[in-house]
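S.K.: Need the 3D shape of this:
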Amino acid sequence: MTTTAPLRIDLNADLGEGFGVWRLGDDDALLGLVTSANVACGFHAGDPVTMRRVCAGAVAAGVAIGAQVSYRDLVGFGRRFIDVAADELTADVLYQLAALDGIARTAGAGVRYVKPHGALYNAVVGHERQAWAVVDAVVAYDRSLPVLGLPGSALLRLAAAEGLTAVAEGFADRGYTAAGTLVPRSEPGALVTDEAAVVERAVRMATEGLVVAVDGTRVGVPVSSICLHGDSPGAVGLARAVWAALQAAGVDVVPFVR
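M.R.: Residues are numbered from 1 along each chain as shown. This next block holds a predicted model:
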């Protein structure tokens, strides 16, 4: 008699993206609906107080803490490409990773994985030098930390080559090109906000490993984690609907890190 292993997927969200008195998204509510939290480390958003609050909330909710590292770009929310030197980018990633890990440890946990944010995330899909700079930082800090990124990206390829755990993720609320990359936010179709569409995409990614691109092409996305942006309109409602739909489809929602 043979048995089929249950389908599993991680649900992650970008959290802690406020700054000072400004709040962006409902971190507390989302911590009850995701299994991994990509916490801003202060370079594109976030600050020490916010980082500490989100880490404490993640520990209380049993949510894995990830370092969401970015370019040094508070004004642009990390969504502008910066042609930074590789050694400088490595140092910047180390700075962010170490800061969040230290704060997470005071909350009784620690950073469990690393994920680039915004323009850096998109850059390391094909920018070999910057992808290597991010990998170099993780290797220098802690080789046990997985790296989260887009399937087929230079980041995941180089991470795997260095012996790191490379984890592919998909985006239920972002548009895809036929090449499997994310549609730039400046172009039509970049964001998916309709709840039914977001839910359908999440379930298809988890059960079939597919997403429909903006031109109708069916693109393979073999992923272990699905991202919902915490700053998207109605993010909490979307996360709640996605979680319920995944469970209804027989998919266990669990952290990709054990």
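S.K.: Please name the residues that touch Val203.
M.R.: 242, 245-246, 249, 251 (Cβ atoms under 8 Å, 6 or more residues apart in numbering). For every residue, glycine as well, the C-beta is placed using N, CA and C.
S.K.: Adding distance to Pro184, pLDDT and neighbour count, write those out as JSON lines.
M.R.: Formatted as JSON lines, these follow (distance: Cβ to Cβ, whole Å; pLDDT from 0 to 100; neighbours: other Cβ atoms under 10 Å):
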{"residue": "Val242", "distance to Pro184": "24", "pLDDT": "96", "neighbour count": "27"}
{"residue": "Ala245", "distance to Pro184": "28", "pLDDT": "97", "neighbour count": "18"}
{"residue": "Leu246", "distance to Pro184": "28", "pLDDT": "97", "neighbour count": "23"}
{"residue": "Ala249", "distance to Pro184": "30", "pLDDT": "96", "neighbour count": "15"}
{"residue": "Val251", "distance to Pro184": "30", "pLDDT": "97", "neighbour count": "21"}
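S.K.: can you pull the buried residues of the lengthiest strand in the chain?
M.R.: If you go by DSSP state E, the chain has its longest strand at strand 7-15. Within strand 7-15, the residues scored as buried using 16 or more other Cβ atoms under 10 Å are 9-15.
S.K.: Now for Val34, how many residues are close by?
M.R.: 28 (other Cβ atoms under 10 Å).
S.K.: Please confirm that it is located within a helix.
M.R.: No. Counting by DSSP: H, G, I helix; E, B strand; the rest coil, Val34 is not found in a helix; it is coil.
S.K.: Quick one, grab the pLDDT at it.
M.R.: Looking at Val34, its pLDDT is 97.
S.K.: do Arg105 as well
M.R.: On pLDDT, Arg105 comes in at 98.
S.K.: so which strand or helix has it?
M.R.: helix 86-106 (DSSP states H and E).
S.K.: Assess the claim that Tyr121 and Lys115 are in contact.
M.R.: Yes. Using Cβ atoms under 8 Å, Tyr121 is in contact with Lys115, at 7.4 Å.
S.K.: residues shared between the contacts of those two?
M.R.: By Cβ under 8 Å, 6+ apart, the residues touching both Tyr121 and Lys115 are Gly149.
S.K.: how about low-confidence regions in this structure?
M.R.: 1-6 (pLDDT under 70).
S.K.: so where do the helices sit in the stretch 151-258 of the chain?
M.R.: Secondary structure of the stretch 151-258 of the chain (DSSP state H, counting those that start in this stretch): helices at 154-161, 195-208, 235-248.
S.K.: could you give the angle of the second one to helix 235-248?
M.R.: Right, the one you point to is helix 195-208. 40 degrees (axes from the mean of the first three to the mean of the last three Cα atoms, to 10 degrees).
S.K.: Counting neighbours, which bits of helix 195-208 end up buried?
M.R.: Buried-residue list, helix 195-208, by 16+ other Cβ under 10 Å: 195, 198-206.
S.K.: What of stretch 134-150?
M.R.: Across stretch 134-150, burial judged by 16+ other Cβ under 10 Å covers 134-139, 141, 145-150.
S.K.: Could you tell me the end-to-end distance of that stretch?
M.R.: Stretch 134-150 has its terminal residues 14 Å apart, counting by Cα to Cα, to the nearest Å.
S.K.: so how far is Leu145 from Ala190?
M.R.: 29 Å (Cβ to Cβ, to the nearest Å).
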